[in-house]
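S.K.: Generate coordinates for the sequence data below:
(one chain, ligands or ions: 1)
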Amino acid sequence: MSSARPLVAGNWKMNGLAVSLDEARAVAAAVDAHPPACRVALCPPSTLVHRMAEVIGGTGVEVGGQDCRAEQSGAFTGDVSAEMLAEAGAELVILGHSERRAGYGETDALVAAKAEAALRAGLEPIICVGETLTQREAGETLAVVTGQVKGSLPKALAGKAFAVAYEPVWAIGTGLTPTLEQIEEVHVAIRATLVELFGEAGKVPPILYGGSVKPSNAGEILKAREVGGALVGGASLKATDFLGIVTAA
Ligand code: PGA
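M.R.: Prediction:
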């Protein structure tokens with residue numbers, strides 16, 4: 001089984017109004033003019049998923065959501081289901097981002113339930129894991145990250161299209177990045193865990209790196225062992241920065 005194509009996904013977080021669709025248009029135009037080696041996706045806030053999917057539908061750039069509720073529908077004020085994202089035009093969904101784990105107490109079990117919901121709706125989940133600075137300093141990084149992978153990935157993912165994103169919490173939005181050796185150590189451990197969970201099929205899903213990826217460091221990070229793309233926050237908001245990362249992949 002060969003590994004999946006690398007994926008570079010932009011996570012706009014709670015940023016973006018209608019005017020920001022111009023950035024998505026610019027990314028799509030550049031990707032279609034010079035198709036990159038990687039798959040490219042943009043994950044805007046849920047208010048923009050439908051409009052972005054209409055604006056860049058049919059181009060080489062996919063649209064994704066940033067979270068979903070595990071249930072299909074119901075009395076869950078403020079939440080969005082995987083089915084709703086899919087109907088709006090999303091093809092992927094980020095799940096278990098550290099900002100949701102920390103800010104909303106999302107557990108591995110909840111993330112796993114959301115991943116099952118994503119599959120039910122035909123969405124490809126990007127499941128995020130990563131250690132805090134305290135955990136890294138205590139030498140717990142590999143135990144924490146592999147534990148999150150085991151707890152957050154349901155068995156139903158076997159043979160399905162999905163990605164794991166390794167995002168050290170201390171590297172998100174801080175400008176700090178781990179050394180290439182540190183990135184490789186964790187990515188190799190995640191790959192071994194995926195093989196433990198899914199056998200040969202565990203060799204296929206891309207393992208993205210995320211946390212302060214920018215055009216100037218993307219080239220070396222994306223070439224590191226077992227790095228199959230990037231999840232990009234701040235640098236995905238401007239088409240020129242994001243494209244600088246896409247072309248490095
Ligand atoms: P950053 O965010 O690129 O702004 O560090 C990455 C992420 O949180 O996905």
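
S.K.: I'd like to know which elements the top helix by length along the chain is packed against.
M.R.: The residue-count maximum for a helix in the chain (DSSP state H) belongs to helix 180-198. Contacts defined by 3 or more CB pairs under 8 Å, 6 or more residues apart in numbering; DSSP states H and E place helix 180-198 against helix 141-152, strand 163-166, strand 207-210, helix 215-223. Every C-beta, even on glycine, is put in place using the N, C-alpha and C of the backbone.

S.K.: Centre-most residue in this protein?
M.R.: In the chain, the C-alpha nearest the mean C-alpha coordinate belongs to residue 126, at 4.2 Å (CA atoms, centre = their mean).

S.K.: hmm, back to that, between the helices and strands packed on helix 180-198, which gets nearest to the ligand?
M.R.: Taking CB to the nearest ligand atom, strand 207-210 is the member of the helices and strands packed on helix 180-198 nearest to the ligand, at 4.3 Å.

S.K.: tell me the mean pLDDT for that closest one?
M.R.: Taken as a whole, strand 207-210 has a mean pLDDT of 98.

S.K.: Show me what from this protein comes close to the ligand.
M.R.: Contacts of the chain with the ligand, taken as CB under 6 Å from any ligand atom, map to 11, 167, 172-173, 210-213, 231-235.

S.K.: and residue 113, what does it touch?
M.R.: 70, 154 (CB atoms under 8 Å, 6 or more residues apart in numbering).

S.K.: Can you dump the C-alpha atoms of the helix or strand containing it in CSV for me?
M.R.: Per DSSP states H and E: residue 113 is located in helix 108-120. C-alpha atoms of helix 108-120 as CSV (Å, rounded to 0.1, in the frame of the first residue of the first chain):
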residue,chain,number,x,y,z
ASP,A,108,-10.1,11.6,23.2
ALA,A,109,-13.4,9.7,23.4
LEU,A,110,-15.4,12.7,22.2
VAL,A,111,-13.0,13.3,19.3
ALA,A,112,-13.4,9.6,18.3
ALA,A,113,-17.2,10.0,18.3
LYS,A,114,-16.8,13.1,16.1
ALA,A,115,-14.5,11.2,13.8
GLU,A,116,-17.2,8.5,13.4
ALA,A,117,-19.7,11.3,12.6
ALA,A,118,-17.4,12.6,10.0
LEU,A,119,-17.2,9.2,8.3
ARG,A,120,-21.0,8.8,8.5
